[in-house]
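[1] Quick one, fold the following:
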Amino acid sequence: MRDEGRRKLLGNIFGVVLPLATILAVLLLVPGAAATPVPQVDRDGDGMDDSWEEKYGLNTSRDDSMEDPDGDGVKNIQEYKDDTDPFHPDASSKDIERNKNLLLLGIGIAVGIAGIASSVGIGIAGSTASGAAAEKPDLKAKMMIFESLPMTQGVYALVITILLLPALEKTSVMSQQAVGFAGLAVGIAYGLSSVSAIPQGMIASASISAMSRNKEIFGFGLIYTVISETLALFGLIAAIFIMIYSGLR
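    The predicted model follows:
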């Protein structure tokens, strides 16, 4: 009984605590949404602080928020929010648009591949659990745990989306030359590693079958199933490092 208790404890650590701890650690890296600066003095009512306008030589007596003196495709109001020089081109509007498109493509790849892999893995485990639950109804809750494990790859993809989307609103980030390709690399790195959800579903399916014959296998089965998820965790960690060192975070 003690050995079974230890196995269940290890299974819970690897199957529940470790993924949750990883997600929590990642979310702690996400700063709050960048707050729009509130003008202290705004006599012309254009949404930009007069001291900021005076700093860069803009007109404080009329609304010039939608003007683009440096011709880089970024309006004065956005330059104010990003605290960038409105008379110095950050990048061409085409470069910014390209980077945004590549970043969105990276998000789509990460979410799309992870979603497909997770759904296949859940389907494999769920089909086995449905049949086994009819024979062993007392094990339904444990079978549900196995079935839900391949879902975590989809959760990690959601975390990546939360980390990347704020960059779209920051012109100072989107104007960097390679940032779009970095976003694409994030999507590919995590998307391919999330395919581990499919073999994870297979292992979960086998564990459900084994547990229906011997309920003491639950702890080890949970560990076997979670081991394949470590590849998705590695992909998530690699994606985060790409974000950090490319300037996306």
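
[2] Show me the domain layout of the chain.
    For the chain, the domain assignment from automatic domain parsing gives the residue ranges 34-90, 91-246.

[3] pLDDT (mean, whole number) over the last one?
    Confidence over domain 91-246, taken as the mean pLDDT, stands at 89.

[4] Next up, the contacts around Phe146.
    Ala125, Ala129, Ala204, Ser205, Ser207, Ile208, Met211, Gly221, Leu222, Thr225 (Cβ atoms under 8 Å, 6 or more residues apart in numbering). From N, CA and C alone the C-beta is placed, and that goes for glycine too.

[5] Mind naming the longest helix for the protein?
    Ranked by residue count, the top helix of the chain under DSSP state H comes out as helix 93-135.

[6] Pick out the residue closest to the middle of this protein.
    Nearest to the geometric centre of the chain sits Ile160, at 1.2 Å (Cα atoms, centre = their mean).

[7] Skip the chain neighbours and tell me the closest residue to that one.
    Ala110 (5.1 Å; Cβ to Cβ, 6 or more residues apart in numbering).

[8] And for the one you found, the neighbour number?
    32 (other Cβ atoms under 10 Å).

[9] and what of the one 10 residues further on?
    For Val120, the neighbour count with other Cβ under 10 Å is 17.

[10] Just to check, it is in contact with Ala197?
    Yes: counting by Cβ atoms under 8 Å, Ala197 is a contact partner of Val120 at 7.1 Å.

[11] Please identify the most buried of the domains of the chain.
    domain 91-246 (a mean of 20; mean count of other Cβ atoms under 10 Å).

[12] Could you check how far that one is from the centre of its chain?
    10 Å (Cα atoms, centre = their mean, to the nearest Å).

[13] The nearest residue to Gln176 once chain neighbours are set aside: what's it in contact with?
    Nearest residue to Gln176, sequence neighbours excluded (Cβ to Cβ, 6+ apart): Gly247, at 5.5 Å. Applying Cβ under 8 Å, 6+ apart, we find Gly247 in contact with Val173, Gln176, Val179, Ala182.

[14] Now, these that are in strands?
    Per DSSP state E, strands hold no members of the contacts of Gly247.

[15] Could you export those as CSV, including distance to Asp42?
    Output for the contacts of Gly247, formatted as CSV (distance: Cβ to Cβ, whole Å):
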residue, distance to Asp42
Val173, 26
Gln176, 30
Val179, 31
Ala182, 36
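
[16] before we move on, back to that, for Thr161, see how far away the residue nearest to Ile160 is.
    Counting by Cβ to Cβ, to the nearest Å, the gap from Ala110 to Thr161 is 7 Å.
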